[in-house]
Each structure stands twice: as C-alpha cells, then as structure tokens.
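J.: predicted model, plus sequence, below.
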Amino acid sequence: MTLGIKALTIENWLQPDPTSTIFVQLSHSDGSVSPMSGEDWAAQFLTPSLAATVPEELRKLFEVARGAMAYGYFFYPLYALAGEQLYRVAEAAVSEKYTRLGATKKLSFQDKIKFLLDNSVITDEQFLGWDAIRHLRNMSSHPQQQSILPPGMVATMLYRVAEKINDLFP
C-alpha cells in the first residue's frame, strides 16, 4: 500500500484489496459471523437494476457505475469513483425526464429538480432525496481530496438511485 491505498501491480491487480477483506456479514438465521467475499459484494451490487422503461442510454450509464462498484472489491477506491458516477447518472435521468416533458430551457440540476416538483412529477419527499443526490454530486465534482467510501454505503445509494430513476420512468 502507498498513499493509504492498494498500489496496483501486475501480480496483485486481480487480488482482493486488503481493505475489502475486513468486512463481515451476520447470519440472521443463526447469528454467525463470516467474511464478505467478492461474490457476496457482487450480489449486493448486481441486484438493483433499472426498468426496461428507463431510456437505454441511462441504463448504459447505470451499468458502468454498477460494474465499477462490483470491481471495488479488487481496488477499494473504485467504490467512491463508482458512487460519483452514480450521481452523474442520477443527474442525467433528471435531465432526460425534464426534456421528455417538453422543457427546453437550459437549467441547473437544482432547477430541473424544482421543475419536476412544480410539475407534480415528484413529491416534496422525493424532492428532498433528489436534492441530497444533487448535493453529493456537487461535493464529488469539486473534490479537495480523494474520497474513500465503504461498499455498504455505496450499495445503499445504488438501490436508492435505481428506485428514484425507475420512479421517473414508469
């Protein structure tokens, strides 16, 4: 490790990142604790998906973010990078919905979310969730340092963003 992250080499690039190996899972049936494997994490990341009603280009963008998350097991910083991509996918979804509603004026992400609220596409509660995503997108787009995010946090965001995008394109 250098700089506090795995230094990739020809010999170790397909080995789990040492940081990835510290996570465990609790069995709800018997209370036992076992290590999280790459397959366990992959199952977490590969479960949420976008509906066929979501435009194909958005589904492609989502697959890139989701795929990068799955590979975070081998290079831990990919979790954060994939999360940042996911925020961009969310913004692209809002922009696509905005355009499909016939809007043509160039607006900021924040104003497009407000437009969706004002036109009853999203509820007040949904607005708060989208605005939180916008805030996270802004923070990740103007970094002061490298973000490192735990895989569980990124998986949770993946599920939430998938649900939000699916709700925009019923």
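T.: Yes, it's here.
J.: with adjacent residues omitted, what lies nearest to residue 158?
T.: Spatial nearest neighbour of residue 158, chain neighbours left out: residue 48 (5.4 Å); criterion: C-beta to C-beta, 6 or more residues apart in numbering. For every residue, glycine as well, the C-beta is placed using N, CA and C.
J.: which ones are touching the one you found?
T.: If you count contacts by C-beta atoms under 8 Å, 6 or more residues apart in numbering, residue 48 has them with 66, 158-159, 162-163.
J.: type out the ChimeraX command that picks the buried ones from these.
T.: In ChimeraX syntax, the buried subset of the contacts of residue 48 is picked out as below (16 or more other C-beta atoms under 10 Å):
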select :66,158,162
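J.: so which of the contacts of residue 48 is the closest to residue 55?
T.: Within the contacts of residue 48, the smallest distance to residue 55 is 14.2 Å, found for residue 162 (C-beta to C-beta).
J.: that older thread, wait, is the residue nearest to residue 158 part of a helix?
T.: No - in this structure, residue 48 is coil, not part of a helix, as judged by DSSP: H, G, I helix; E, B strand; the rest coil.
J.: most remote residue from this structure's center?
T.: Taking C-alpha atoms, centre = their mean, the residue of the chain most remote from its mean C-alpha position is residue 30, at 31.2 Å.
J.: what does it show for phi and psi?
T.: When read as degrees, to the nearest 10, the backbone of residue 30 gives phi -130, psi 0.
J.: show me what contacts it?
T.: Residue 30 is in contact with no residue at all, counting by C-beta under 8 Å, 6+ apart.
J.: where in the protein is pLDDT low?
T.: Residue ranges of the chain with pLDDT under 70: 1-3.
J.: tell me where it has helices.
T.: 38-46, 56-71, 78-100, 109-118, 124-141, 151-168 (DSSP state H).
J.: wait, which of those helices is closest to residue 5?
T.: Closest of the helices of the chain to residue 5 is helix 78-100, at 10.4 Å (criterion: C-beta to C-beta).
J.: run the chain-centre distance for that closest one.
T.: Averaging C-alpha positions (C-alpha atoms, centre = their mean, to the nearest Å) puts helix 78-100 8 Å from its chain's average.
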